[in-house]
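Student: My questions concern the predicted model and sequence given below.
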2 protein chains.
Amino acid sequence: MNEKPWESLEKTVLQETPFVLVREKLRSHTGAELVYTYVPGRHNWVTVFPVTGDKTVLLIRQYRHIWGEFFLELPAGGGNPSEAPVHAAQRELQEEVGATSSDWIALPSYRAPGLFAAIIHPFLALDCDRIALPQHEDGELMEVLEVSLPEAFQMLEDGLINEASNIIAMLRAKAILQAKGLLA
Amino acid sequence: MNEKPWESLEKTVLQETPFVLVREKLRSHTGAELVYTYVPGRHNWVTVFPVTGDKTVLLIRQYRHIWGEFFLELPAGGGNPSEAPVHAAQRELQEEVGATSSDWIALPSYRAPGLFAAIIHPFLALDCDRIALPQHEDGELMEVLEVSLPEAFQMLEDGLINEASNIIAMLRAKAILQAKGLLA
């Protein structure tokens, strides 16, 4: 298998905002014509698992339009171009929760291969402090919810916290929290 | 907060194939106009962690167009409407790997809240047998790769297997494999 096996035949821009979407016609390795729709470029995404000095988790309860429901989630969002992932994580924690942390632990990053080429960077943020009110955009309807660390992991097991980057951040952070004596 | 806080103003269909994409104008809870682009409807997605009777993992090496690279992955795909998740998982394992399993273990499902409303169903499939050649579509360029269970978990730790549903399936399956004496 060679590394660029599909030939691009035509690209159309479906929309420019709120994010660029491209529809591309391709000739595949079988000779067939394919259509691929995707967000072009490379993107960083961050997810933050924020824990305070007294072992409280700072969750958000966020409205998700496509489900018409509120989701219990970790603060998360897209990085700006040229913004280091940890800076994006610090900004999202401040914007969505109004909190800062002095102890950022990078968890293993991973990649989304489907609709957009994203690298997802999960972080564990310890010793978090709520120092300000959150600053939400018009398309963000959310409130902060404080739960204990054991309650947060129970919510994960009960499927109440159930978005992929949230699950990965919590499963990856668990052993670190246990090693630090913060979780049984 | 009420449960349907945003008012739909206008919907446009951006494309009909290979999947429907809708661009919707909304009035948010702040009074601002928002644009949301998404795949309408509810969708099932399945990911299969296939292990044979001699503790071999059946991975696929798949071309991912938006990265222009091959990814090491677990077999996965979308369920058809009205197809039970376990049947979709059985079909994807057969199509992508040419294998069957007599022992399907459902791992905790979770939800995607962003671009499309999907429930992702990860499965551990034990006692897998390769019984046929895979049957690929024109837009699928992949080959089967057999590795041992410890090698697969090393690939996970090294970030060589690095798609979200793959990571979640493997992290969730680990304790089950250990309890069954299949993994140290």
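Tutor: It's in.
Student: what comes up buried for the biggest helix by length in chain A?
Tutor: Determined from DSSP state H, the single longest helix within chain A is helix A:164-179. Within helix A:164-179, the residues scored as buried using 16 or more other C-beta atoms under 10 Å in any protein chain shown are A:164-174, A:177. C-betas here are computed from N, CA, C, even on glycine.
Student: Please write out the alpha-carbon positions of it in CSV.
Tutor: This file holds the C-alpha atoms of helix A:164-179, laid out as CSV (Å, rounded to 0.1, in the frame of the first residue of the first chain):
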residue,chain,number,x,y,z
ALA,A,164,-15.6,10.1,24.8
SER,A,165,-12.9,12.6,25.8
ASN,A,166,-14.4,12.8,29.3
ILE,A,167,-14.3,9.0,29.7
ILE,A,168,-10.8,8.8,28.5
ALA,A,169,-9.5,11.7,30.7
MET,A,170,-11.1,10.1,33.8
LEU,A,171,-10.0,6.5,33.1
ARG,A,172,-6.4,7.8,32.4
ALA,A,173,-6.4,10.0,35.5
LYS,A,174,-7.7,7.4,37.9
ALA,A,175,-4.3,5.7,38.6
ILE,A,176,-2.6,9.1,39.1
LEU,A,177,-5.3,10.2,41.6
GLN,A,178,-4.9,6.8,43.4
ALA,A,179,-1.1,7.1,43.5
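Student: mind checking the end-to-end distance for stretch A:58-76?
Tutor: With C-alpha to C-alpha, to the nearest Å as the measure, the first residue of stretch A:58-76 is 12 Å from its last.
Student: And stretch A:131-151, by the same measure?
Tutor: Stretch A:131-151: ends 23 Å apart by C-alpha to C-alpha.
Student: Just confirm yes or no for that stretch near chain B.
Tutor: Yes - applying C-beta under 8 Å from any C-beta of the partner chain, one finds stretch A:131-151 touching chain B at A:138-139, A:141, A:143.
Student: before we move on, the earlier item: hey, what's the angle from the longest helix of chain A to helix B:164-179? Just curious.
Tutor: Helix A:164-179 runs at 40 degrees relative to helix B:164-179, counting by axes from the mean of the first three to the mean of the last three C-alpha atoms, to 10 degrees.
Student: who touches helix A:164-179?
Tutor: Helix A:164-179 is contacted from outside by A:45, A:47-49, A:51, A:73-74, A:76, A:105, A:107-108, A:110, A:120, A:122-124, A:149, A:152-153, A:156, A:161, A:183-184, B:110, B:112, B:120, B:164-165, B:167-168, B:171-172, using C-beta atoms under 8 Å, 6 or more residues apart in numbering or on different chains.
Student: which among those end up buried?
Tutor: Buried, going by 16+ other C-beta under 10 Å: A:45, A:47-49, A:51, A:73-74, A:76, A:105, A:107, A:110, A:120, A:122-124, A:149, A:152-153, A:156, A:161, A:183, B:110, B:112, B:120, B:164-165, B:167-168, B:171-172, out of the contacts of helix A:164-179.
Student: Three-state assignment for the residue lying farthest from the centre of chain A, please.
Tutor: For chain A, the C-alpha farthest from the mean C-alpha position belongs to A:Gly31; by C-alpha atoms, centre = their mean, that distance is 36.7 Å. Here A:Gly31 is recorded as coil under DSSP: H, G, I helix; E, B strand; the rest coil.
Student: Distance-wise, check it relative to chain B.
Tutor: Look at A:Gly31 and chain B: by C-beta to the nearest C-beta, to the nearest Å, they are 8 Å apart.
Student: and if you look at A:Ala88?
Tutor: For A:Ala88 relative to chain B (C-beta to the nearest C-beta), the value is 17 Å.
Student: Could you export stretch A:112-128 as PDB, CA atoms only?
Tutor: Output of stretch A:112-128 as PDB, limited to C-alpha atoms (Å, rounded to 0.1, in the frame of the first residue of the first chain):
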ATOM      1  CA  ALA A 112      -9.800  11.700  15.700                       C
ATOM      2  CA  PRO A 113      -9.700  10.300  12.100                       C
ATOM      3  CA  GLY A 114     -13.200  10.900  10.800                       C
ATOM      4  CA  LEU A 115     -14.900  14.200  10.200                       C
ATOM      5  CA  PHE A 116     -12.000  16.400  11.300                       C
ATOM      6  CA  ALA A 117      -8.300  15.800  11.900                       C
ATOM      7  CA  ALA A 118      -8.000  16.600  15.600                       C
ATOM      8  CA  ILE A 119      -5.500  15.700  18.200                       C
ATOM      9  CA  ILE A 120      -7.300  15.500  21.600                       C
ATOM     10  CA  HIS A 121      -5.200  16.500  24.600                       C
ATOM     11  CA  PRO A 122      -6.700  15.400  28.000                       C
ATOM     12  CA  PHE A 123      -5.400  17.100  31.100                       C
ATOM     13  CA  LEU A 124      -5.700  16.400  34.800                       C
ATOM     14  CA  ALA A 125      -5.700  19.800  36.600                       C
ATOM     15  CA  LEU A 126      -5.100  19.600  40.400                       C
ATOM     16  CA  ASP A 127      -5.400  22.200  43.100                       C
ATOM     17  CA  CYS A 128      -8.000  24.100  41.100                       C
END
